[in-house]
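**Student:** I'd like to go over a predicted model; first the sequence, then the structure.
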Amino acid sequence: MKRLVRISLLLACVASAASAFAAAFVALDRKSARMLTDEATHAVPTIVALWSTDCPHCKKNLGLFADMVKADAGLRLITVAVEPLSAEVATSLDRIKVLGVRYVYGADAPEAIAFALDPKWCGELPRTLFFDGHGNRIAISGAVDRASTRKSLGLADKR
Amino acid sequence: MTHLRTLGAAVALAIVLSSLPEPASAADPKDKATMAGMTGMGKKVRVELASSAAFTKDGQLLAVAKQGDHLLLYRSSDQGANWSPPVIINARPEAISGDGENRPKITFAQDGAVLVSWTKPLGKPNTGEVRLARSNDGGARFSAPITVHRDRQEITHRFETMVVGGDGRIYLAWIDKRDLESAKAAKNPYRGGAIYASVSDDGGRSFKPETKVADHSCECCRIAAAVDTDGAPLILWRHVFEPNERDHALAKLRADGTPVGVERATFDRWKVDGCPHHGPALAVAPDGTRHAVWFNLKDGEGRAFYGRLVAGGVEGQRFVGGEQAARADIAIAGQRIGILWKEFDGERTQLHAEISEDGGVSFKRLALGAANGASDHPRAISFGKDLFAYWRTEFEGMRVFRLP
């Protein structure tokens, strides 16, 4: 019982923390980046979108993902700006009306954060990590469309 | 089981949130409003380490790097062991691009004048002007910077490269989006940006109206430049070949900046609608062989490559370094070819080199050093018969390694 209470407390804490961060930014270091992209932490289909302010194709992807998440409550979107926070990072996401937890690069070495996010990634953008919620992930570089996004999330046959 | 997974995710998120560093301090006043009230921020702001270095004829090493809205010139008389206090290049502060792909550049006019070029970002995102300042007294004082191009729209004129031809003319080439903007206005499709060039025949004091080198360049990769054996400038850039192959193109420029021809230089056929943000490097050997290093995704794998560019193909193409090898650069000193790259090993960024004494047939490999924090791309430079690596890193500063 004690354990249950502790878990409930923890969950309540997480829920309030998550809502407090919904429109704010969270800075990544290599440890938190590794956890963020650990397949085991994603129990529902989740898109982790790596993007930057100077990447036009990233914004196309973000717009698509934002639309898809709005239309499907079972889908989660996490954005990671691969640069430190600036006014432009915030306005870019606001302009595209991107919901979900917003991450930016923190004080750790950028190459260490990048490696922790995706050791196969060489910095090209957009880079998107698709988690199907069942322990699998697929990484894709470049612009994607709705059909390939659904397929990468393991949702293609559920439509 | 699903509950367990959810709980796992929740716990992980709680740990992520609780492990985040302290609130940030903003570097730019305009960012302060945005960052105020945001919690959980790391203290980091953008680290702009991008720097270039070159040897004068008498062996002084000059380096340029930005600090805030100023470009600074540093001098070393002992190949980088010690550096002088800096000289401010632009007396009037202005925005300066300082990331690895869009670094300030330094070279020397035939009369010995120090030339420094950079991109000045403008108000709108991804816009900029190409700037150049000249020093007649070896870098003690600089003229007020000039904007190299006549087109003054608030659009992309960025990622410039600078090279001095055998004829003493100064050539600047950059990524320019005037054609993309016109196409957009007319609602016509247009792939990528364009390469434009401008030429100075008075040692960088003034530039002639710019000319187009090629349509359809990629949008945010550095441009490589080298001087061919006939003294003409060669430029190598990431191009968007139809429909969306992000390979490289090579052009030799005439004295007016127009291209003799534009050739496809690499054939990896990386089809992507995206931004590699990872440009090539080029060096020409005394026998005219064009040695290049570049990054591409080939057969599903993103790798750094070395190869010799020949008409219609690449000779001796191979990987440079391991899976994490990135930001390769190349330089030639006499018969020696030096390749540099950096490679993250899971903990730190390692700087590696390869040296060839036989025209690129064989290379010996060596480890040069490591960085714990952020680092600029390594720059391969030469002086006489010697090759050097110049590498600016967050915690160690401006470092120079002589390649044995």
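**Tutor:** Nice, thanks for sending it over.
**Student:** list the contacts for the closest residue to chain A within the stretch 51-200 of chain B?
**Tutor:** Using Cβ to the nearest Cβ, the single residue of the stretch 51-200 of chain B nearest to chain A is B:Asn126, 5.4 Å away. For every residue, glycine as well, the C-beta is placed using N, CA and C. By Cβ atoms under 8 Å, 6 or more residues apart in numbering or on different chains, the contact set of B:Asn126 is A:Asp54, A:Pro56, B:Thr156, B:Arg158, B:Glu219, B:Cys220.
**Student:** what do you get if the cut-off is 10 Å, keeping everything else the same?
**Tutor:** A:53-56, A:88, B:155-156, B:158, B:175, B:177, B:193, B:219-220 (Cβ atoms under 10 Å, 6 or more residues apart in numbering or on different chains).
**Student:** Sitting in helices, which of these do you find?
**Tutor:** A:Pro56, A:Glu88 (DSSP state H).
**Student:** Out of the contacts of B:Asn126, which end up buried?
**Tutor:** A:53-56, A:88, B:155-156, B:158, B:175, B:177, B:193, B:219-220 (16 or more other Cβ atoms under 10 Å in any protein chain shown).
**Student:** Just name the closest of these to B:Ala367, please.
**Tutor:** B:Cys220 (30.1 Å; Cβ to Cβ).
**Student:** looking at it, the closest one is touching B:Glu101, isn't it?
**Tutor:** Yes. Using Cβ atoms under 10 Å, B:Cys220 is in contact with B:Glu101, at 6.4 Å.
**Student:** in chain B, which ranges drop under the pLDDT threshold?
**Tutor:** Scanning chain B for pLDDT under 70 picks out B:1-46.
**Student:** According to the record, where do the domains of it fall?
**Tutor:** B:1-39, B:50-279, B:281-404 (automatic domain parsing).
**Student:** JSON lines for these, including distance to A:Leu28?
**Tutor:** Putting the domains of chain B into JSON lines (distance: least, Cβ to Cβ, whole Å) gives the following:
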{"stretch": "domain B:1-39", "distance to A:Leu28": "8"}
{"stretch": "domain B:50-279", "distance to A:Leu28": "19"}
{"stretch": "domain B:281-404", "distance to A:Leu28": "14"}
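**Student:** tally of neighbours for the residue of chain A found nearest chain B?
**Tutor:** Of all residues in chain A, the one sitting closest to chain B is A:Gly106 (2.6 Å; Cβ to the nearest Cβ). Using other Cβ atoms under 10 Å in any protein chain shown, A:Gly106 is surrounded by 26 other residues.
**Student:** Kindly state the pLDDT recorded for it?
**Tutor:** Here, the pLDDT recorded for A:Gly106 equals 95.
**Student:** before we move on, back to that, between B:Cys220 and B:Glu101, which contacts overlap?
**Tutor:** A:Asp54, B:Arg158, B:Phe159, B:Cys275, B:Pro276, B:His277, B:His278, B:Gly279.
**Student:** Tell me the one of the residues you listed nearest B:Val114?
**Tutor:** Using Cβ to Cβ, these come closest to B:Val114 at B:Phe159, 21.5 Å.
**Student:** My guess is that closest one contacts B:Pro104. True?
**Tutor:** No. If you go by Cβ under 10 Å, B:Phe159 and B:Pro104 don't touch, sitting 11.9 Å apart.
**Student:** Quick check: which element contains the nearest residue to B:Glu210 once chain neighbours are set aside?
**Tutor:** Excluding the flanking residues, the one nearest B:Glu210 by Cβ to Cβ, 6 or more residues apart in numbering or on different chains is B:Ser198, at 4.2 Å. Per DSSP states H and E, B:Ser198 falls inside strand B:193-200.
**Student:** Tell me how far that strand lies from the chain's centre.
**Tutor:** 16 Å (Cα atoms, centre = their mean, to the nearest Å).
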